[in-house]
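**Q** Predicted model and sequence below, questions to follow.
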Amino acid sequence: MLDQAEGYTTADGRKIGPVVMEMKNITLRFGGVEAIKDISFDIRQGEIRAIIGPNGAGKSSMLNVISGFYVPQDGQVFYQGALRPPMKPFQVARQGIARTFQNIALFEGMTVLDNVMTGRLTHMETGLFWQSMWKGKAEAEETANREVAERIIDFLEIQAIRKTPVARLPYGLKKRVELARALAAEPSLLLLDEPMAGMNVEEKEDMSRFILDVNDEFGTTIALIEHDMGVVMDLSDRVVVMDYGKKIGDGTPDEVRGNQAVIDAYLGVAHD
Ligand SMILES: Nc1ncnc2c1ncn2[C@@H]1O[C@H](COP(=O)(O)OP(=O)(O)OP(=O)(O)O)[C@@H](O)[C@H]1O
């Protein structure tokens, strides 16, 4: 049973907490195109929350609103109990929100370790001035950041490739490195943009396992968007379904699977 203030316990015994992010009546337009039409939903502490929908449904647009990349024309975003004013993506990152991208956005010429280290940037306090004035502080910070990066690398089982330039890696491993970089920021909310896109079955299984492990081990709240309904159903606690910018379903995977509007959208049934 869902207690609005406190949360709920999942079938596998995980404790889901209060609402950490609330999207309220969000509308986003690109010129004449309404990519998001008056959508509301929330994300709870410790939850794995999916946003799914067919091509062009508005999923990426919604993720970009959550990450601060787009500012909606209407609606409000509440994060950790407070109304979030329009802010730049780096400010959103400083609030503990990290993301991966649908088209991998890594530094191809750099090693895996160095890419993961870039995920620590929001935690780095020592600027160039202090680096030149106070070498000890800069070194201590570098060591601490490296320890976090190495811990994440071990966790995601990519030790063997830590010194390999990303350009040499197969697609599935690149996706895992991108996850590592996002985790290096030690986010409280992790946004995954189509984490399984372009993967083979084995890679999808690996990625699913890592997503579940991250949630379990670090207690990270995860919001992911996916095109493919199948892969997210086993992973997610609750699912929002979008179609043509509207929310057409919201609930547990079972509730969403039985929702006629969702079935119609995925079968491509005509609508007004
Ligand atoms: N930057 C943009 N400028 C203009 N229109 C855009 C922009 N981004 C998205 N759109 C339009 O908004 C609508 C929603 O697109 P969006 O990419 O959010 O959907 P999606 O569900 O993520 O699709 P897909 O599964 O194909 O990635 C589409 O009609 C798209 O053409």
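**A** Yep, it's here.
**Q** Just to be sure, Ala140 is in a strand?
**A** No - Ala140: not assigned to a strand; according to DSSP: H, G, I helix; E, B strand; the rest coil it is helix.
**Q** Could you give the number of residues near it?
**A** 12 (other CB atoms under 10 Å). (Glycine included, C-beta is placed from N, CA and C.)
**Q** how about it, what does it touch?
**A** Going by CB atoms under 8 Å, 6 or more residues apart in numbering, Ala140 touches no other residue.
**Q** Against the ligand, how distant is the residue nearest to Arg257 when sequence neighbours are not counted?
**A** In space, Arg257 comes closest to Met233 once its chain neighbours are excluded; the distance is 7.0 Å by CB to CB, 6 or more residues apart in numbering. Per CB to the nearest ligand atom, to the nearest Å, Met233 is found 17 Å from the ligand.
**Q** i'd like the first residue to be 29 from this point on
**A** Okay, residue one is now 29; in that scheme the one you just asked about reads as Met261.
**Q** Can you tell me the SS state at the residue nearest the centre of the chain?
**A** Central residue of the chain (CA atoms, centre = their mean): Leu219, 0.9 Å from the mean position. Three-state call for Leu219 (three-state DSSP): strand.
**Q** tell me, how many neighbours does the closest residue to it other than its chain neighbours end up with?
**A** Closest residue to Leu219 apart from its sequence neighbours, by CB to CB, 6+ apart: Arg127 at 3.8 Å. Using other CB under 10 Å, Arg127 has 24 neighbouring residues.
**Q** isn't Arg127 right next to Ala213, touching?
**A** No - the pair Arg127 and Ala213 fails to qualify as a contact (CB atoms under 8 Å) at a distance of 9.4 Å.
**Q** end to end, how far does stretch 97-108 reach?
**A** 19 Å (CA to CA, to the nearest Å).
**Q** gap between the residue in the stretch 129-278 of the chain positioned nearest to the ligand and Ile132?
**A** Nearest to the ligand, among the residues of the stretch 129-278 of the chain, is His255, at 4.6 Å (CB to the nearest ligand atom). According to CB to CB, to the nearest Å, His255 and Ile132 sit 16 Å apart.
**Q** thinking again about what came up before, surely the residue nearest to the centre of the chain and Gly124 touch.
**A** No - counting by CB under 8 Å, Gly124 is not a contact partner of Leu219; they are 11.4 Å apart.
**Q** shouldn't the residue nearest to Arg285 be in contact with Gly286?
**A** No - Met261 is beyond contact range of Gly286, at 12.0 Å (criterion: CB under 8 Å).
**Q** out of these two, which sits in the more crowded spot?
**A** Neighbour count, other CB under 10 Å: between Met261 and Gly286, Met261 has more, with 17 against 12.
**Q** The closest residue to Gly96 other than its chain neighbours - how many residues pack around it?
**A** Excluding its sequence neighbours, the residue lying closest to Gly96 (CB to CB, 6+ apart) is Val120, at 3.5 Å. By the measure other CB under 10 Å, the count of residues near Val120 is 22.
**Q** host element of Val120?
**A** helix 117-122 (DSSP states H and E).
**Q** now that helix: how far from the chain's centre is it?
**A** Between the centre of helix 117-122 and the centre of its chain there are 14 Å (CA atoms, centre = their mean, to the nearest Å).
**Q** on contacts alone, who are the packing partners of whichever helix or strand comes after that helix?
**A** Per DSSP H and E, the first helix or strand lying C-terminal to helix 117-122 is strand 125-127. Judged by 3 or more CB pairs under 8 Å, 6 or more residues apart in numbering; DSSP states H and E, the packing partners of strand 125-127 are helix 199-212, strand 217-221.
**Q** ranking the ones you listed by burial, who's on top?
**A** Highest mean neighbour count of these: strand 217-221, a mean of 24 (counted as mean count of other CB atoms under 10 Å).
**Q** touching the ligand at all, that strand?
**A** No - on the criterion CB under 6 Å from any ligand atom, strand 217-221 is out of touch with the ligand, staying 8.5 Å away.
**Q** so what strands line up beside that strand?
**A** Within its sheet, strand 217-221 is paired with strand 125-127 (parallel), strand 249-254 (parallel), according to DSSP bridges.
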